[in-house]
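Novice: Got a predicted model here, sequence first, then my questions.
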Amino acid sequence: GRLRLDQVCTGQTRAPGQTRARPYGVVQPCVTIGQPTLYCAFATVNVGGDRVASLEWCFDNHCQTTHGTMNGLRKFLDQLKQLPEEIPIEPELKADRKDKDRKIREEQDLLSGAVLEVTVEPGEGGESPQEGDLVYVHYSIHSSDDDVLYSTWADEGGSGQPLAFVVGKGSWRAPRSWELAVLSMTRCQRKRLKVQPSYGYQHPDCKMSPPAAVTAHVKTVLQFDLQLTNWYPKDQVRVCGESGDMFKRVLVEIEKWEMARAPNEVSFSFETRTPAYDGTQLTGFKYHSTNPDKPLRLQLGQSQLPPALETALCHMCKGEKAVFVVPAQQMRSSSSSSADSTAGQQQSCSNGQQQEGGVSVPDPPGKAVQVELCVQLHDLVQVRDMTGDGQVLKKRIREGTGEFPVDCPLHDTRIRCHYRVRQLTHPTKPGPWVLDTTQQGDLGVCSLPDRDNSHTEPSVNSVDPSTSSSGNVTSSDDASWPNPGVEGIEGIIEVDTGCGELPEGLEMCLKLMVPNEVASVVCQPKYAYQDLSNTPSGINPAQPVEFQCILLGFEREGYWQHMSWEERWSLAENIKEKGKQLYQQKKYGYASNRYTHLLRLIESTRDFEEQEQIDKADAYKATLLSNLALVTYHQEEFARCVGWCDKALQEDPGNAKVWLMCHHFVATTVTLSHSCDVRVGISQSWGGLSSMCNASTRQVWCALPRKSCPGFASIGQDVQLLLHSLAGHDAF
């Protein structure tokens, strides 16, 4: 749809009166001996394959038009000139092919003089950095006229601090000319580079922002004076931070893998330094430090720390010590003034103070671009926001035995635990413990009624996590509860998770605990005792509560595929029977979870050896599908009920129970509102079932096992009514 002037070509000649060829977008000379030369210009505009415009001009060699106007042609050509320049389309290549293509182009550019270098000072030794190493370089930037635009050398007005970056890796990349030069340099070697813009700050891989004085010159030829001062191998370095401009080197390694993250509580100490002149870490000017014997303790995610320090803590494990190279800007407080910064620098070696609003950290020196941050994480207390909106907060008080999550009761099973509960009438003034199962002797837990999911709970404000370090209110006896030997106390609480026997918030936290772990759980009313009948005496269901719980153990279900067939059938029968009990207690949601879990296990089975095993698995599957249909029917989720009925009849077309359920379903839906949305929602899942019935009504009727079904006479009447009903409701 666009005529490009650089694509206009010359056509064939003709004499006046001859038939003229009409190629689109062509200026065509028409030459005859002894007569003036005529030119014909054609342009056709196509949009979406349809020709929407066609323009034609004929003019002689004296610019006199014979058809149309010369002004119209000029106007059209002017419009073409104003169109934006087309970007050449690069072919899409595979990753390995792209890398090879990039290297080939880079070699061609270097041969053409994109980067010119000369050694100013020789280096020491024969080793050079590799890709992925953390390097420290001093540098200065000169214009094409050799004017100094920026420098890190102190004698040229710089800070005297080298710049650290990772060579060729990460998202925060230096100019490509720097990387190429550093890879061939030895320690203390100095080079002078003359670089085209495409290999300076304009290189597509370069994400390093130029200094302010250089911004106006990035599209011109620049000269760089580089000196390699030091480097650390890539196996000791890790790139951190969202922008990739933070670099971590571990000093004290730890085998644990769980890293700190918001809203965890951490206990730590740290010190801040500017980079040393020779690039040796932790030897530069120390302008702030804390006492390792009196570590700071706070909760992450509360904006109590400079961004770089909090990010560094979120990349550490308990007991680890590491040094981070971070941008100085991320260690500055946005609200601090220059006077505050000066005062803070005068206290360069004083201990940090933890104030009400967070940790007081002085700003780095004015010319600092990067800061070396040495951090030691002494302790890590896991705090989880279980719901993502502060409705349920879990804080680990005492570590357990085992590894998370392999030693957690993630799936519904029987667990052994103890817990106690108290009211939180005020975030900082909790009430007394009103229930403690470790002091109740042989205490049983009554089953709690199923929640009414259709009920809309009143809006409640969550506990402000800033009122305490974790949002949990704990007393001084937390560390001593429960008493030693609690495992031997009679009356240990044994409950089945996924059955509504515990408040929802308490249960979801117990599922993420390892044996012998003690935790504090703060629950808002929605996840505590709201809408429950057996609320402990002294607890207001409309107020938040705090639980303290310990997981003593649980029954491990085992891995289904590693079980013998006898173990599988035994487990399947236990799950099915538990689902039946929940159904009889009218806990339809919990029963549905049990049936769905067992159905997934059976459908994942592929190692059948005998036909008897296949038949038994099919029988279980048909039973589960019909039970799921029955559960969703009682939940009044009729569209899902039809879907489960359809799947059940595909497994067992002669299942009288499913046909009876279908009849009751039709009878129920007839009494519902005849609104369009109800019928449309049901009809989307009805197609398979209705087509099966209407296609072979007599065959289905004959296939029903009359003799094997007790009380079949009444069932048969229901099925007859069902089939007659379906015959007249094809669309429904």
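Specialist: Done, it's in.
Novice: Name whatever forms a beta bridge with residue 317.
Specialist: Taking DSSP bridges as the rule, residue 317 bridges to residue 259.
Novice: what's around it, how many residues?
Specialist: Residue 317 has 17 neighbours, counted by other CB atoms under 10 Å. Using the backbone N, CA and C atoms, a C-beta is placed for each residue, glycine as well.
Novice: Please report how far it lies from residue 379.
Specialist: 11 Å (CB to CB, to the nearest Å).
Novice: Go ahead and report the secondary structure state at the residue nearest the centre of the chain.
Specialist: Centroid-nearest residue in the chain: residue 242, 13.0 Å away (criterion: CA atoms, centre = their mean). State at residue 242, reduced to three classes by DSSP: H, G, I helix; E, B strand; the rest coil: coil.
Novice: Tell me the spacing between it and residue 314.
Specialist: Per CB to CB, residue 242 is found 11 Å from residue 314.
Novice: Quick check, residue 126 in contact with residue 186.
Specialist: Yes. Contact criterion CB atoms under 8 Å: residue 126 and residue 186 qualify, at 6.5 Å.
Novice: More neighbours: those two, which one.
Specialist: Shown here are residue 126 and residue 186; by other CB under 10 Å, residue 186 has more neighbours (14 against 7).
Novice: so who does that one touch?
Specialist: The contact partners of residue 186, taken as CB atoms under 8 Å, 6 or more residues apart in numbering, are 122-128, 228.
Novice: In the stretch 251-400 of the chain, where is pLDDT below threshold?
Specialist: Along the stretch 251-400 of the chain, the parts satisfying pLDDT under 70 run over 333-358.
Novice: quick one: the helices in it?
Specialist: Listed in chain order, the helices of the stretch 251-400 of the chain (DSSP state H, counting those that start in this stretch) span 307-313, 338-346.
Novice: Equivalent analysis for the stretch 401-550 of the chain, please.
Specialist: Going by DSSP H, counting those that start in this stretch, the stretch 401-550 of the chain shows helices at 504-510.
Novice: Tell me where the model's unsure across it.
Specialist: For the stretch 401-550 of the chain (pLDDT under 70), the answer is 427-428, 440-479, 484-491.
Novice: cutoff 50 now
Specialist: Flagging of the stretch 401-550 of the chain using pLDDT under 50 yields the residue ranges 441-476.
Novice: What segments of it are strands?
Specialist: 414-423, 433-436, 493-496, 518-523, 545-554 (DSSP state E, counting those that start in this stretch).
Novice: same deal with the stretch 1-150 of the chain?
Specialist: Taking DSSP E, counting those that start in this stretch as the test, the strands found in the stretch 1-150 of the chain are 27-30, 38-47, 50-60, 65-67, 115-121, 134-142, 148-151.
Novice: Give me the helices and strands touching the helix ranked longest in the chain, please.
Specialist: Longest helix in the chain by number of residues (criterion: DSSP state H): helix 611-634. Helix 611-634 sits against helix 565-584, helix 588-603, helix 638-651, helix 656-671, with contacts defined as 3 or more CB pairs under 8 Å, 6 or more residues apart in numbering; DSSP states H and E.
Novice: Okay, buried residues for the first one please.
Specialist: Which is helix 565-584. 565, 568, 571-572, 575-576, 578-579, 581-583 (16 or more other CB atoms under 10 Å).
Novice: report the angle between the axes of it and helix 611-634?
Specialist: 10 degrees (axes from the mean of the first three to the mean of the last three CA atoms, to 10 degrees).
Novice: could you check the angle helix 588-603 makes with helix 565-584?
Specialist: 160 degrees.
Novice: Give me the residues contacting helix 565-584.
Specialist: Looking at helix 565-584 with CB under 8 Å, 6+ apart, the contacting residues turn out to be 496, 499, 557-558, 560, 563, 588, 590-591, 594-595, 597-598, 601-602, 605, 613, 616, 620, 623-624, 627, 630-631.
Novice: which of the residues you listed count as buried?
Specialist: Neighbour counting by 16+ other CB under 10 Å classes 496, 499, 557, 560, 588, 590-591, 594-595, 597-598, 601-602, 616, 620, 623-624, 627, 630-631 among the contacts of helix 565-584 as buried.
Novice: so where's the stretch 1-150 of the chain uncertain?
Specialist: Ranges of the stretch 1-150 of the chain meeting pLDDT under 50: 1-39, 45-54, 58-67.
Novice: Hmm, residue 504 and residue 386 touching each other?
Specialist: No. Using CB under 8 Å, residue 386 makes no contact with residue 504, being 9.9 Å away.
Novice: Report the contact partners of residue 197.
Specialist: Counted by CB under 8 Å, 6+ apart, residue 197 has contacts 218-222.
Novice: cool, and residue 252?
Specialist: 319-322, 376.
Novice: between the residues you listed, which is nearest residue 511?
Specialist: residue 319 (27.0 Å; CB to CB).
Novice: got the contact list for the nearest residue to the closest one once chain neighbours are set aside?
Specialist: In this structure, residue 319 finds its nearest non-sequential neighbour in residue 254, 4.5 Å apart by CB to CB, 6 or more residues apart in numbering. With contact taken as CB under 8 Å, 6+ apart, residue 254 is in contact with 317-320.
Novice: need those in TSV with distance to residue 420, can you?
Specialist: Formatted as TSV, the contacts of residue 254 follow (distance: CB to CB, whole Å):
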residue	distance to residue 420
317	31
318	27
319	31
320	34
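Novice: Is residue 213 in contact with residue 151, as I believe?
Specialist: No. The criterion here is CB under 8 Å, and residue 213 misses it with residue 151 at 10.0 Å.
Novice: wait, isn't residue 182 in contact with residue 168?
Specialist: No. Taking contacts as CB under 8 Å, residue 182 lies outside contact range of residue 168: 9.2 Å.
Novice: Other residues contacting the longest helix of the chain?
Specialist: Residues contacting helix 611-634 (CB under 8 Å, 6+ apart): 565, 569, 572, 576, 579-580, 583, 586, 588, 591-592, 595-596, 598-599, 602-603, 605, 608, 638, 640-641, 644-645, 647-648, 651-652, 655, 657-658, 661, 664-665.
Novice: What's the mean pLDDT across that helix?
Specialist: Taken as a whole, helix 611-634 has a mean pLDDT of 91.
Novice: Cool, thanks, signing off.
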